[in-house]
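J.: A predicted structure for the sequence below; I have some questions about it.
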Amino acid sequence: MTLTLERDAEAALVEVKGLRHVYGKGGGAGLLVLEDVNLTLNPGEIVGLLGRSGSGKSTLLRSIAGLITPTGGSIAISEASRQGAARGVSMVFQSFALFPWLTVLKNVELGLEAQGVPADIRRKRTLAAIDLIGLDGFENAYPKELSGGMRQRVGLARALVVQPSILLMDEPFSALDVLTAETLRTDLLDLWSEGQMPIRSILLVTHNIEEAVLMCDRILIFSSNPGKVTGEIKVDLPRPRHRLHPAFRALVDDIYARMTARPAGPPTPGMAAPGAGLGDALTHISTNTLSGMIEALAASPNNGVADLATLGRELQMEADELLPIAETLQLLRFAEVAGRTIRLTPPARRYDAADVDGRKQLFAQHLLAYVPLAAHIRRVLDDRASHQAPATRFRDELEDFMSEDYAQETLDAVVSWGRYAEIFAYDEDDDRFSLDDPT
């Protein structure tokens, strides 16, 4: 990976070309997280990176910040952006990342102290940053005395005090309650629109579609496994933007459709598409959640079919929560997802009408038919005289295709679904499968 500095003051602040990153995996094959990622960040714009959790968005952000050295590709940062902050870049994290033993004042001025800024100048700039983000009067408070929103404001002040040109934000509002997050978004947009911050551009990672449309001038849609940019949307809506405006809603619906569209070609790990293979990663969605979604779709006013964006609003679920559920139902052939529409299949309607035992039997049939790992585990247990097998055997097989974390979540998903369907038993203490309670 190469890093260069552009000398033209009018050039893009950041230009990422062909970025690729592989995480090592204990002597085995590495996990490809980013592949051929291209991105340009221009002065005067807020750009959003929108995608599922685990799609590599944060890895890209940390690469630009210099916290990670990618495996390949290049990142060019305009020399004109290099001011007080290292590389002209500051970052606000999802977690507040404050030192609990330091006051607000000390937490904010930490970056300036690391740069060797004289104490009198350091204090003046720190107080100005604290005042700017609305925490004047809390200089001597400790993080434990602050609400979540106030702690995130401290994180923002700490990023701004070094006077960067580029502000990187990694899901900065996701750990906050709905009202606090909305207030902080509004305040940040006001500061941006009024030109009160030193930054020239913002790069925002989010999995919240409405947040992206509300804040950004451009939205880059990220796919998963590996992460890559699959689409770019320009947001031409005037500010302030209103969530109920027809143009706002239409754009949100369009993004839902883009994020649920399956790429051409064979399915990739993590995509719950027809034809899933033994090495495909699965998302651990509880059977209660799957049953609840079937019931919600079957009930009035949906009557078996719903628009995903509308369904998300009704259920107060973000795309990052809703789409994996929809895709898992599709994998099990209990639903069909086309564009932004989800439709229950006839088996799902039978599942909704069945009693507990009937639901279990139907789920077991679909699990064995459409989830190869579940069928593989059951075959191994049937073939062995002891009807037992260590879970490590299947975990090791999965790790030939994916990282340890994905392998564990995939196995957790199948354990949960298999127990519900009663196609096998699993002893957590022994980490072993058996047919102690076969169907």
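T.: That came through, no problem.

J.: pLDDT at the nearest residue to residue 172 once chain neighbours are set aside, what is it?
T.: Leaving aside its chain neighbours, residue 172 sits nearest to residue 92 (4.8 Å; criterion: Cβ to Cβ, 6 or more residues apart in numbering). For the C-beta atoms, the positions are set from N, CA and C on the backbone; glycine is no exception. Model confidence at residue 92, given as pLDDT, is 84.

J.: And for residue 324?
T.: So, for residue 324, pLDDT stands at 88.

J.: can you list the domains in this structure?
T.: Structural domains annotated on the chain: 2-259, 287-434, as defined by automatic domain parsing.

J.: Let's have those in TSV, adding distance to residue 279 and mean neighbour count.
T.: Shown next, in TSV, are the domains of the chain (distance: least, Cβ to Cβ, whole Å; neighbours: other Cβ atoms under 10 Å):
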stretch	distance to residue 279	mean neighbour count
domain 2-259	11	18
domain 287-434	3	17
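
J.: ok, which stretches of the stretch 201-350 of the chain are strands?
T.: Counting by DSSP state E, counting those that start in this stretch, residue ranges of the strands within the stretch 201-350 of the chain are 201-206, 218-223, 228-234, 305-307, 335-338, 341-344.

J.: Please produce CSV containing these, extended by mean pLDDT and distance to residue 184.
T.: Below are the strands of the stretch 201-350 of the chain laid out as CSV (pLDDT from 0 to 100; distance: least, Cβ to Cβ, whole Å):
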stretch, mean pLDDT, distance to residue 184
strand 201-206, 91, 13
strand 218-223, 90, 20
strand 228-234, 89, 24
strand 305-307, 91, 29
strand 335-338, 89, 33
strand 341-344, 92, 32
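
J.: Need the ones you listed in a markdown table (columns: distance to residue 157).
T.: Below are the strands of the stretch 201-350 of the chain laid out as a markdown table (distance: least, Cβ to Cβ, whole Å):
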| stretch | distance to residue 157 |
| --- | --- |
| strand 201-206 | 15 |
| strand 218-223 | 26 |
| strand 228-234 | 31 |
| strand 305-307 | 40 |
| strand 335-338 | 43 |
| strand 341-344 | 42 |
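
J.: what's the closest of the ones you listed to residue 259?
T.: strand 218-223 (6.4 Å; Cβ to Cβ).

J.: Name the residues that touch that closest one?
T.: Outside strand 218-223, the residues that touch it by Cβ atoms under 8 Å, 6 or more residues apart in numbering are 39, 45-52, 55-57, 212-213, 228-235, 255, 258-259, 263.

J.: 7 Å instead, please
T.: Strand 218-223 is contacted from outside by 39, 45, 47-51, 55-57, 212, 229-235, 258-259, using Cβ atoms under 7 Å, 6 or more residues apart in numbering.

J.: hang on, residue 140 in a strand?
T.: No. Counting by DSSP: H, G, I helix; E, B strand; the rest coil, residue 140 is located in no strand; its state is coil.

J.: which residues sit in contact with it?
T.: The neighbourhood of residue 140, defined by Cβ under 7 Å, 6+ apart, consists of 103, 105.

J.: What distance do you get for it to residue 124?
T.: Residue 140 sits at a distance of 17 Å from residue 124 (criterion: Cβ to Cβ, to the nearest Å).

J.: next one: residue 398
T.: According to Cβ to Cβ, residue 398 stands 56 Å off from residue 124.

J.: Also residue 144?
T.: Applying Cβ to Cβ, the value for residue 144 to residue 124 is 27 Å.

J.: my read: the residue nearest to residue 172 touches residue 169, true?
T.: Yes. At 4.7 Å, residue 92 counts as touching residue 169 under the criterion of Cβ atoms under 7 Å.

J.: which residues of the stretch 101-250 of the chain score low on pLDDT?
T.: For the stretch 101-250 of the chain, no stretch is flagged by pLDDT under 70.

J.: Please, where are all the helices along the stretch 1-150 of the chain?
T.: Counting by DSSP state H, counting those that start in this stretch, the stretch 1-150 of the chain has helices at residues 57-65, 104-114, 119-132, 148-160.

J.: Point out the other helices and strands that the first one packs with.
T.: So that's helix 57-65. Using 3 or more Cβ pairs under 7 Å, 6 or more residues apart in numbering; DSSP states H and E, the elements in contact with helix 57-65 are strand 14-25, strand 28-41, strand 89-92, strand 166-170, strand 201-206.

J.: Residue 401: what secondary structure?
T.: Residue 401 ends up coil, using three-state DSSP.

J.: Quick check: chain neighbours aside, which residue is closest to it?
T.: residue 279 (3.2 Å).

J.: distance between the ends of stretch 192-201?
T.: 9 Å (Cα to Cα, to the nearest Å).

J.: Pull the residues that contact it.
T.: Under Cβ under 7 Å, 6+ apart, the answer for stretch 192-201 is 13, 41-45, 81, 132, 160, 163-167, 191, 239.

J.: starting at the chain centroid, how far to it?
T.: For stretch 192-201, the separation from the chain centroid amounts to 26 Å (computed by Cα atoms, centre = their mean, to the nearest Å).

J.: Ok, stretch 379-388 next?
T.: Distance, centroid of stretch 379-388 to centroid of chain: 39 Å (Cα atoms, centre = their mean).

J.: got it, and stretch 291-311?
T.: The answer for stretch 291-311 is 24 Å, by Cα atoms, centre = their mean.

J.: now do stretch 51-59
T.: Distance, stretch centre to chain centre, for stretch 51-59: 5 Å (Cα atoms, centre = their mean).

J.: Just the C-alpha atoms of it, please, in PDB.
T.: The C-alpha trace of stretch 51-59 is given here as PDB (Å, rounded to 0.1, in the frame of the first residue of the first chain):
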ATOM      1  CA  GLY A  51     -23.400  -1.000   4.400                       C
ATOM      2  CA  ARG A  52     -23.900  -3.900   6.700                       C
ATOM      3  CA  SER A  53     -21.900  -4.500   9.900                       C
ATOM      4  CA  GLY A  54     -18.700  -6.400   8.900                       C
ATOM      5  CA  SER A  55     -18.600  -5.000   5.400                       C
ATOM      6  CA  GLY A  56     -15.200  -3.400   5.900                       C
ATOM      7  CA  LYS A  57     -16.300   0.200   6.200                       C
ATOM      8  CA  SER A  58     -14.500   0.800   9.500                       C
ATOM      9  CA  THR A  59     -11.400  -0.900   8.100                       C
END
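
J.: Please name the residues that touch residue 142.
T.: So residue 142 contacts 100, 103 (Cβ under 7 Å, 6+ apart).

J.: now the residue nearest the centre of the chain: how far from residue 179?
T.: By Cα atoms, centre = their mean, the chain has its centre lying nearest to residue 53, at 2.3 Å. To residue 179, residue 53 is 23 Å away according to Cβ to Cβ.

J.: Over to residue 334?
T.: In this view, residue 334 and residue 179 are 35 Å apart by Cβ to Cβ.
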